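> Quick one: sequence and predicted model below, then my questions.
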Amino acid sequence: MRRTLMLSIACLLGAAATGLPVRQAAAQNQPPHAWLFGSWTGGLFPVPAGMPVSACLAQPVVIFTRDVVMRASLTDPTYAQRVIETARTNPGRTDFQFSPPDSGASGGLLGVDAPKPLTGFGCENPNVLHVVRNNENSISFPGCADFPEPLVRCTAR
């Protein structure tokens, strides 16, 4: 009986000891900007108080994923996508460096050049984005003229 109890305790301790590093390793496999993943609204305009989640998710302004940041604009129905080259996170702040956009030289209709796609966020450099965490569900893009207002996470409230 005593051996069975000691063996059971040893097995439980061993399982607990091996489970902890696995969970820590899984958390360490996340990119530094994982806290931003999801849909955000606002930025272009103040977010109305009591905005329903369905309205937020129907037309988010910015979407963060592992490899891409997408943004909406007032003049284009499609999202501009920027491929993340690097992401660096400090407490309360994440800085993105994007790959340069494709210059895809495609002639427009009747030889007229198509309008250039939206490439940045209105910041000092179109290939850079600085994100400041205001609180758990609010961020802002300091120094980015295209996003003068804070953004709010689209979550169930």
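On my side now, so go ahead.
> and residue 81, bridged to which residues?
residue 70 (DSSP bridges).
> measure it to residue 75 for me?
Counting by Cβ to Cβ, to the nearest Å, the gap from residue 81 to residue 75 is 16 Å. (Glycine included, C-beta is placed from N, CA and C.)
> OK, contacts around the spatially most central residue of the chain?
Closest to where the C-alpha atoms of the chain average out (Cα atoms, centre = their mean) is residue 64, at 2.6 Å. Residues in contact with residue 64 (Cβ atoms under 8 Å, 6 or more residues apart in numbering) are 33, 36-38, 40.
> mind running it again at 7 Å?
The neighbourhood of residue 64, defined by Cβ atoms under 7 Å, 6 or more residues apart in numbering, consists of 33, 36-38.
> What of residue 74?
Residues in contact with residue 74 (Cβ under 7 Å, 6+ apart) are residue 44.
> before we move on, the earlier item: which pLDDT value goes with the residue nearest to the centre of the chain?
As predicted, residue 64 sits at a pLDDT of 96.
> lowest average confidence, helix or strand, in the chain?
helix 2-28 (a mean of 40; mean pLDDT, DSSP states H and E).
> hang on, residue 35 in a helix?
Yes - under DSSP: H, G, I helix; E, B strand; the rest coil, residue 35 falls within a helix.
> For it, grab the count of nearby residues.
15 (other Cβ atoms under 10 Å).
> What separation do you get for it and residue 60?
Distance of residue 35 to residue 60, computed by Cβ to Cβ: 17 Å.
> Surely residue 55 forms part of a helix?
Yes - under three-state DSSP, residue 55 sits within a helix.
> which residue ranges form the strands in this protein?
Under the criterion DSSP state E, the chain carries strands at the ranges 38-42, 62-64, 68-71, 80-90, 93-98, 128-135, 138-140, 151-153.
> Columns distance to residue 54 on top of these, output as JSON lines?
Formatted as JSON lines, these follow (distance: least, Cβ to Cβ, whole Å):
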{"stretch": "strand 38-42", "distance to residue 54": "12"}
{"stretch": "strand 62-64", "distance to residue 54": "16"}
{"stretch": "strand 68-71", "distance to residue 54": "20"}
{"stretch": "strand 80-90", "distance to residue 54": "24"}
{"stretch": "strand 93-98", "distance to residue 54": "28"}
{"stretch": "strand 128-135", "distance to residue 54": "23"}
{"stretch": "strand 138-140", "distance to residue 54": "20"}
{"stretch": "strand 151-153", "distance to residue 54": "15"}
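> I appreciate the help and will end here.
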